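A.B. asks: Make a model of this:
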Amino acid sequence: MSVSALSTAMFPSSISGFLQVVTLLGLLLLLFKAAQFYLHRQWLLKALQQFPSPPSHWLFGHKIQKDQDLQYILAWMERFPSAFPRWFWGSRAFLTVYDPEYIKVILGRSDPKDNGSYRYLAPWIGYGLLLLNGKTWFQHRRLLTPAFHYDILKPYVGITADSVRVMLDKWERLSDQDAPLEIFQHVSLMTLDTIMKCAFSQRGSVQLDRNSQSYINAIGDLNDLFVSRVRNIFHQSDTLYSLSSNGRIFHRACQLAHEHTEQVIKQRKAQLQDEGELEKVRRKRRLDFLDILLFAKMENGSSLSDEDLRAEVDTFMFEGHDTTASGISWILYALATHPKHQQKCREEVQGLLGDGASITWDHLDQMLYTTMCIKEALRIYPPVPAVVRELSQPVTFHDGRSLPKGITVTLSIYALHHNPKVWPEPEVFDPSRFAPDSARHSHCFLPFSGGARNCIGKIFAMNELKVAVALTLLRFELLPDPTRVPFPIPRLVLKSTNGIHLRLRRLH
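C.D. replies: Numbering: from 1, shown residues only. Got it, this is the predicted structure:
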């Protein structure tokens with residue numbers, strides 16, 4: 001037999017042997033994964049055995065209809081005091097917590113953010129304050145805290161007011177059309193405009209820049225895609241996700257967001273090349289957010305890397321506008337659906353500001369009833385509906401129930417704020433809950449989270465809410481659109497499936 005004939009005869013045998021090896025390896029891998037799934041599920045069942053939950057499928061977990069998460073959680077909250085496990089699939093479960101004592105214990109510790117889900121945000125916002133843990137988080141938090149000192153925040157009130165007026169001028173033109181207005185997109189542009197001017201020394205108005213809308217849209221897509229990925233067992237692998245249609249959309253949206261923030265950094269660096277601008281910065285007692293990052297020196301004497309710099313800018317660009325936009329939009333909706341409270345706020349604001357031509361830092365603390373209404377709206381519609389921690393050490397709660405290290409805990413701010421054991425008749429809009437002399441649990445109202453990792457910009461955000469609400473009430477009577485009642489859904493911030501539509505009646 002010739003060499004050619006011999007190799008031809010042997011070739012099928014070689015292929016067959018190779019396929020057998022591949023098949024065997026595939027079966028071994030499958031068995032390994034099945035054993036891994038089984039063992040982790042058994043560990044979870046044992047770890048969570050003290051916490052009953054609704055029946056769930058051993059593989060698919062709890063079946064919840066699309067965008068009905070909040071409704072299911074509120075229904076289950078009535079059956080299970082303090083907490084219940086929510087199964088996403090057979091080997092993935094979060095303990096959902098809504099008892100203020102439980103939440104106080106968790107927020108009083110130094111457990112890290114859940115790496116199993118929050119890591120999906122890293123391609124977008126990088127490892128800034130939101131995702132960092134441990135010593136590096138502490139260093140960055142300490143570095144950035146001076147950006148939110150009172151001396152820095154006071155002049156921001158006037159800048160915020162100017163941005164709000166640009167939005168209200170636009171609303172005046174649109175309200176002449178006598179059609180309901182979807183306000184969330186407009187408010188998002190306004191809060192982006194505000195954060196760009198206050199924290200990033202931006203000149204001009206992004207509300208008048210068409211390119212800004214592409215950034216807003218990208219952030220909306222990234223919100224939806226993050227939540228979708230967390231819940232999809234087939235999208236946990238970075239490789240598989242990158243090949244999916246959602247993965248490709250996520251990649252493009254990240255590029256758009258990064259282009260926006262990189263342009264902001266580039267422009268500020270260019271401004272600081274000007275001697276006059278640089279001297280003005282040096283004369284300031286305290287620096288704005290981006291200038292702190294650009295001039296920062298870490299404990300080892302090194303500057304922030306370009307990667308760390310962009311991560312903090314991406315993080316605060318998102319958190320500084322999207323969370324606040326959610327809060328303002330839902331507050332205006334709450335006031336629209338409660339006209340008596342709206343009018344009482346308006347009268348208070350009119351008494352303080354007159355026609356609103358000038359609003360200052362000192363005015364904000366005098367808006368007592370308006371602040372009560374804002375807080376009550378934040379209770380019913382918390383801008384951040386949940387935060388997640390992964391236990392780095394075992395924990396025992398006040399009722400004796402305990403959890404081991406490694407369990408993931410979801411602190412449901414939305415459920416906490418609607419817990420009838422904490423807030424009687426939680427669906428009723430009652431600003432008197434926040435009267436100055438009212439007493440409540442220290443951890444029953446957490447619109448900006450709590451503990452060491454609370455929102456670093458909460459005072460800035462609260463001031464922006466007050467300015468936006470006050471100036472809006474001076475110009476418009478807010479009326480709901482009965483044909484499009486908003487339906488709240490949990491994303492990174494609280495959104496509505498159908499937007500937030502209001503009718504705006506110009507006041508004379």
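
A.B. asks: Chain neighbours aside, what residue packs nearest to residue 82?
C.D. replies: Taking Cβ to Cβ, 6 or more residues apart in numbering, and ignoring the residues beside it in sequence, residue 82 has residue 99 as its nearest neighbour in space, at 3.8 Å. To be clear about C-beta, it is placed using only N, CA and C from the backbone, and glycine gets the same treatment.

A.B. asks: again, but for residue 388
C.D. replies: residue 114 (4.2 Å).

A.B. asks: State the distance from that neighbour to residue 135.
C.D. replies: Counting by Cβ to Cβ, to the nearest Å, the separation of residue 114 from residue 135 is 19 Å.

A.B. asks: Specify which residue of these two has the higher count of neighbours.
C.D. replies: Per other Cβ atoms under 10 Å, whichever of residue 114 and residue 135 has more neighbours is residue 114, with 19 against 9.

A.B. asks: Isn't that one up against residue 406?
C.D. replies: No: here residue 114 does not reach residue 406: they are 10.7 Å apart, not a contact under Cβ atoms under 8 Å.

A.B. asks: The chain: strands as residue ranges?
C.D. replies: 83-89, 92-97, 181-182, 386-390, 395-396, 402-403, 408-412, 476-480, 488-490, 494-496, 501-506 (DSSP state E).

A.B. asks: Would you mind giving these as TSV with mean pLDDT added?
C.D. replies: Output for the strands of the chain, formatted as TSV (pLDDT from 0 to 100):
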stretch	mean pLDDT
strand 83-89	96
strand 92-97	97
strand 181-182	96
strand 386-390	96
strand 395-396	98
strand 402-403	98
strand 408-412	98
strand 476-480	96
strand 488-490	97
strand 494-496	97
strand 501-506	96
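
A.B. asks: got the ones you listed as CSV, with distance to residue 126 and mean neighbour count columns?
C.D. replies: Output for the strands of the chain, formatted as CSV (distance: least, Cβ to Cβ, whole Å; neighbours: other Cβ atoms under 10 Å):
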stretch, distance to residue 126, mean neighbour count
strand 83-89, 25, 22
strand 92-97, 24, 23
strand 181-182, 31, 18
strand 386-390, 18, 21
strand 395-396, 30, 14
strand 402-403, 30, 16
strand 408-412, 22, 24
strand 476-480, 38, 19
strand 488-490, 23, 20
strand 494-496, 23, 24
strand 501-506, 35, 18
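
A.B. asks: so which of those gets nearest residue 365?
C.D. replies: Nearest to residue 365, of all the strands of the chain, is strand 476-480, at 23.8 Å by Cβ to Cβ.

A.B. asks: Where does pLDDT dip in this structure?
C.D. replies: By pLDDT under 70, the low-scoring segments of the chain are 1-13, 177, 297-302.

A.B. asks: for it, what's the longest helix?
C.D. replies: helix 3-47 (DSSP state H).

A.B. asks: Could I get the buried residue list for stretch 46-57?
C.D. replies: By neighbour count on 16 or more other Cβ atoms under 10 Å, the buried set for stretch 46-57 is 47, 48, 51, 53, 54, 56.

A.B. asks: farthest pair in the residues you listed?
C.D. replies: Farthest apart among the buried residues of stretch 46-57 by Cβ to Cβ are 47 and 54. That separation is 17.9 Å.

A.B. asks: okay but residue 182 is in contact with residue 504, surely?
C.D. replies: No: when contacts are counted by Cβ under 8 Å, residue 182 is not listed as touching residue 504 (11.5 Å).

A.B. asks: ok, the residue nearest to residue 359 when sequence neighbours are not counted - contacts?
C.D. replies: Excluding the flanking residues, the one nearest residue 359 by Cβ to Cβ, 6+ apart is residue 161, at 5.1 Å. Shown in contact with residue 161 (Cβ atoms under 8 Å, 6 or more residues apart in numbering): 359, 467, 471.

A.B. asks: Relative to residue 322, how far out is the second one?
C.D. replies: Pointing back at residue 467 there. Distance of residue 467 to residue 322, computed by Cβ to Cβ: 18 Å.

A.B. asks: follow-up on the earlier one: of the contacts of residue 161, which is the nearest to residue 24?
C.D. replies: Top of the list for closeness to residue 24, among these and by Cβ to Cβ, is residue 467 at 67.6 Å.

A.B. asks: Report the spatially closest residue to the closest one, excluding sequence-adjacent ones.
C.D. replies: In space, and not counting its chain neighbours, residue 467 is closest to residue 160: 4.7 Å by Cβ to Cβ, 6+ apart.

A.B. asks: one step back: how about JSON lines for the contacts of residue 161, with neighbour count added?
C.D. replies: As requested, the contacts of residue 161 are arranged in JSON lines below (neighbours: other Cβ atoms under 10 Å):
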{"residue": "359", "neighbour count": "22"}
{"residue": "467", "neighbour count": "27"}
{"residue": "471", "neighbour count": "20"}
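
A.B. asks: So which of the residues you listed sit within helices?
C.D. replies: Here DSSP H is the test, and the contacts of residue 161 give 467, 471 as lying in helices.

A.B. asks: What is the nearest of the contacts of residue 161 to residue 139?
C.D. replies: Taking Cβ to Cβ as the measure, residue 139 sits nearest to residue 467 out of the contacts of residue 161, at 32.0 Å.
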